[in-house]
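Peer 1: Have a look at this prediction, sequence included:
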Amino acid sequence: MKKIPEIKIKAADIKALYQAGYDALAELREEAAAPVVKASFFNKEIIVVYGQEAAKKFYDSENFKRKGAMPEIVLKTLMGQGGVQTLDGAAHRHRKAVFMDLMTPERMEEYHQILDRKLSEALEKQHGHFELFNLSKNVFFEAICEWSGINLGSYSPQEIDELASCQISMISGAAASPVTHLKSRADRKKSELWAQQLIETARKHPVENKENVALYAFANATDLNGERLPLEIAAVDLLNIIRPTVALTVWAALMGHALFSRSDIYEALKEDFDELQDSFIQEMRRYYPFFPMIPAISLKEVEIDGYRIPKDSWVVLDLYGTDHDPRSVKEPFTFVVDRYKGRTKEISYEEEYEMLAQGGGDFRKMHRCAGEWITLHSLRVFSDQLVNKHHFIIPEQDWSIPMNRFPTYPNSRVLLYRD
Ligand code: HEM
């Protein structure tokens, strides 16, 4: 096994790496001229791996653990403490089952119908200019709350807007300026208190036959010893349904970019929507940057691409790099709308490591995103409405997508005009 090449990052290099954003890990690989690279800065070392073969080893729980791998700044904003992402082994599988049991085909269809109705109502109300980003945020929030059994009937529009914005803020504060980061922490606190109140009320007023409704499922979820989850943890995991669904706002905006910043993709879909819709969605998930990387700690010596990773190393799997890996993806930086034609189901139901936009592996046994099917339904609803149900005029705007913003989306947040 080969020794991993090391790149020493000096304080002066950090700004440039931050500017490179999603491309930073690829730049390190390029500098080292190797598929596995160790970056050392101050007294820390991190080993970066990428590609389908690396992913298979990374997701094997004999090789890597998650506990202790996620930096504190991410736990205090994006993820929260004690949630499913931080668990390993039997405790992880037990908690993950609560999530996956919600994702039945019937409940997915219900989500589809709710989102379709909410988006349709919101778009019908638009006359003149509006931002797709802003509109989508509240639509997703209201839809996922309804699907999760959370009644927003008594909330004012301002309260809804504030809570929806908190969900986005928790995501954007994980890697941001100190001011944005502090706001993000405060917004996580506010959201957790809200979710705790919901869980407390659901515990006080149990309703029958709500096992696969998120609010009640987390209110009644137990740990491995059969004890009810502490209120704080049940709230963190309820937010693990709400927050990432609202994060789909970012993909709605990226879809706006794919459809409206150029005409060829839109025209192709208009021509053959039924054949191309799911391939378009899968290609969107692969092509655009979203979740950059995932950290873990090696439990033993592991070999990846011929390099020796010692036990107890801090390792990150480059998700964006894997989805653009020329070793397995033809023309990785070109958006090929029919790339997945005929294979769309495979990608999100059978394939484990081909597409890593939302993580990889087995949904129940590993840390792969619990919301991949909600994501597919969401993008189906949005593509159908944007392509087939409404006509928009596209004003001049800034379509650029900065690679150093997490998550990132077009600068003008997709400005549309509807009569
Ligand atoms: C914007 C689209 C989304 C993206 C890009 C995304 C991405 C990811 C990624 C990269 C992971 C980590 C995989 C790993 O640790 O190996 C993850 C985990 C997770 N996602 Fe998503 N996700 C999205 C939407 C959703 C939705 C809609 C939900 C819920 C309805 C959701 C719930 C979760 C949960 C609960 C986990 C933790 C799974 C575990 O640790 O076992 N995500 N997601």
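Peer 2: Structure's in. What do you need? Numbers count the residues shown, from 1 in each chain.

Peer 1: residues contacting the residue nearest to P5 when sequence neighbours are not counted?
Peer 2: Spatially, and ignoring its direct neighbours in sequence, P5 is nearest to A32 (4.0 Å; C-beta to C-beta, 6 or more residues apart in numbering). Using the backbone N, CA and C atoms, a C-beta is placed for each residue, glycine as well. Neighbour list for A32: P5, E6, I7 [criterion: C-beta atoms under 8 Å, 6 or more residues apart in numbering].

Peer 1: Mind telling me what element F130 is part of?
Peer 2: strand 128-131 (DSSP states H and E).

Peer 1: That strand: partners in the sheet, and parallel or antiparallel?
Peer 2: Sheet pairing of strand 128-131 (DSSP bridges) gives strand 415-418 (antiparallel).

Peer 1: could you dump the strand it pairs with to CSV, C-alpha only?
Peer 2: The C-alpha coordinates for strand 415-418 follow below in CSV (Å, rounded to 0.1, in the frame of the first residue of the first chain):
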residue,chain,number,x,y,z
LEU,A,415,-36.5,35.9,-10.8
LEU,A,416,-39.6,35.1,-12.8
TYR,A,417,-42.5,37.1,-14.1
ARG,A,418,-46.1,35.8,-14.4
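
Peer 1: Can you give the distance from it to the centre of its chain?
Peer 2: The chain centroid and the centroid of strand 415-418 are separated by 26 Å under C-alpha atoms, centre = their mean, to the nearest Å.

Peer 1: what comes up buried for that strand?
Peer 2: By 16 or more other C-beta atoms under 10 Å, the buried positions in strand 415-418 come out as L415, L416.

Peer 1: Pull the residues that contact that strand.
Peer 2: So strand 415-418 is contacted by 123, 126-132, 256, 260, 390-395, 397 (C-beta under 8 Å, 6+ apart).

Peer 1: and stretch 227-247, average pLDDT?
Peer 2: Averaged across stretch 227-247, the pLDDT comes to 97.

Peer 1: Can you give me the buried ones in whichever strand or helix holds A24?
Peer 2: Element membership for A24 (DSSP H and E) is helix 24-32. For helix 24-32, a neighbour-count test (16+ other C-beta under 10 Å) marks A24, L25, A26, L28, R29, A32 as buried.

Peer 1: so whichever helix or strand comes after it versus helix 24-32, what angle?
Peer 2: Using DSSP H and E, the helix or strand that follows helix 24-32 in sequence is strand 37-41. Strand 37-41 runs at 100 degrees relative to helix 24-32, counting by axes from the mean of the first three to the mean of the last three C-alpha atoms, to 10 degrees.

Peer 1: Parallel or antiparallel, which strands does strand 37-41 pair with?
Peer 2: strand 6-8 (parallel), strand 44-49 (antiparallel).

Peer 1: what sits up against the first one?
Peer 2: What it means is strand 6-8. For strand 6-8, using C-beta under 8 Å, 6+ apart, the contacting residues are L28, E31, A32, V37, K38, A39, S40, F41, E45.

Peer 1: for the following helix or strand past that strand, what is the average pLDDT?
Peer 2: Remark: after strand 6-8, the chain's next helix or strand is helix 11-20, criterion DSSP H and E. For helix 11-20, the mean pLDDT works out to 83.

Peer 1: Which stretches in the stretch 101-250 of the chain count as helices?
Peer 2: Taking DSSP state H, counting those that start in this stretch, the helices of the stretch 101-250 of the chain run over residues 105-124, 132-148, 157-172, 178-204, 214-220, 231-260.

Peer 1: Just the angle for whichever helix or strand comes after the last one relative to helix 231-260, thanks.
Peer 2: If I follow you right, that is helix 231-260. For helix 231-260, the following helix or strand on the C-terminal side (DSSP H and E) is helix 264-271. Interaxial angle of helix 264-271 relative to helix 231-260 (the same axes, to 10 degrees): 90 degrees.
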